[in-house]
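S.K.: could you look at this predicted model? Sequence included:
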Amino acid sequence: MVLLEEKFIVIAHRGASALEPENTIAAFRKAVDMGADAFELDVRRTSDGKLIVLHDDNLKRVANIDKKVSELAYDDIRNIKVFGKEPIPTLEEVLEIFANRIPIFIELKDEGIEEEVVRLIEAYKAIDNVLIISFNYESLKRVKQINSSIDIGLLTYRYPIPIDEAVKMKAYAILPRYNIVTPNIVREIHAKKLKIFTWTVNDVALALKMISYGVNGIATDNPGIRSSIQKQTTLTKYGHS
């Protein structure tokens, strides 16, 4: 990825999702405007094969429609608004606007979409600007088989941390949930020349703890957390209470 190697990064989780409807163009624009170093999004496939940006497999939470994405065609979804405000974008729409403006963490939520996702990334010349992440490591292996130049990251929320698997898969990063991160785990991951990004960190004290552990970055719903982190770090540095 084009991320600066020694820099601590702030990743906007589903865009600036604390401020705009999650996984929408508005949320991604807000993340860019707020100076996020990267943003994360989720990809699913409709019944007619369109790749859309949505976290849940069901529209109930974001649109109060109790239907599965996999059962609906794109035309059924295109006019639905997330939380009544913003349309659900396609992955192609997001890449068209942001592919070379900001690094993007693309989470694969459905199996079998790997080839289409890779082809879109190639079409928008975004190979060096994306990290494909998933809890499904078979999906990540397929991505590497299709195009070994694309960086991958292994998501996890439980022990054991898949460090050996990540090395074997030639991964770029491991992305554990914050509650399983320890200084030892960070050291082990770094010893294998892997990055560690943790999620979802919305609390300044927790962010400072993760930074003290040595993580490479945090995913947060509010990219504005960076200024609070810097303020707190400055206060601590100069001995203010």
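M.R.: Nice, I can see it.
S.K.: excluding its backbone neighbours, what's nearest Val32?
M.R.: Among residues not flanking Val32 along the chain, Ile102 sits closest, at 5.6 Å (C-beta to C-beta, 6 or more residues apart in numbering). To be clear about C-beta, it is placed using only N, CA and C from the backbone, and glycine gets the same treatment.
S.K.: can you tell me the SS state at the one you found?
M.R.: coil (DSSP: H, G, I helix; E, B strand; the rest coil).
S.K.: got a list of what the closest residue in space to Ile104 that isn't next to it in sequence touches?
M.R.: The shortest distance from Ile104 to any residue that is not its chain neighbour, by C-beta to C-beta, 6+ apart, is 5.1 Å, and that residue is Val130. When the contact criterion is C-beta atoms under 8 Å, 6 or more residues apart in numbering, the partners of Val130 are 1, 99, 103-106, 121, 150-151.
S.K.: looking at the residues you listed, which are in helices?
M.R.: Cross-referencing the contacts of Val130 with the helices (criterion: DSSP state H) gives Ile121 as the overlap.
S.K.: farthest pair in the contacts of Val130?
M.R.: Pairwise distances across those peak at 14.7 Å for Ala99 and Asp151 (criterion: C-beta to C-beta).
S.K.: tell me, how many residues neighbour Glu86?
M.R.: When neighbours are defined as other C-beta atoms under 10 Å, Glu86 has 18 of them.
S.K.: hmm, it is touching Ile25, no?
M.R.: Yes - contact criterion C-beta atoms under 8 Å: Glu86 and Ile25 qualify, at 7.0 Å.
S.K.: residues in contact with the most centrally placed residue in the chain?
M.R.: Centroid-nearest residue in the chain: Glu40, 2.8 Å away (criterion: C-alpha atoms, centre = their mean). With contacts defined as C-beta under 8 Å, 6+ apart, Glu40 is in contact with 11-14, 104-107, 133, 219.
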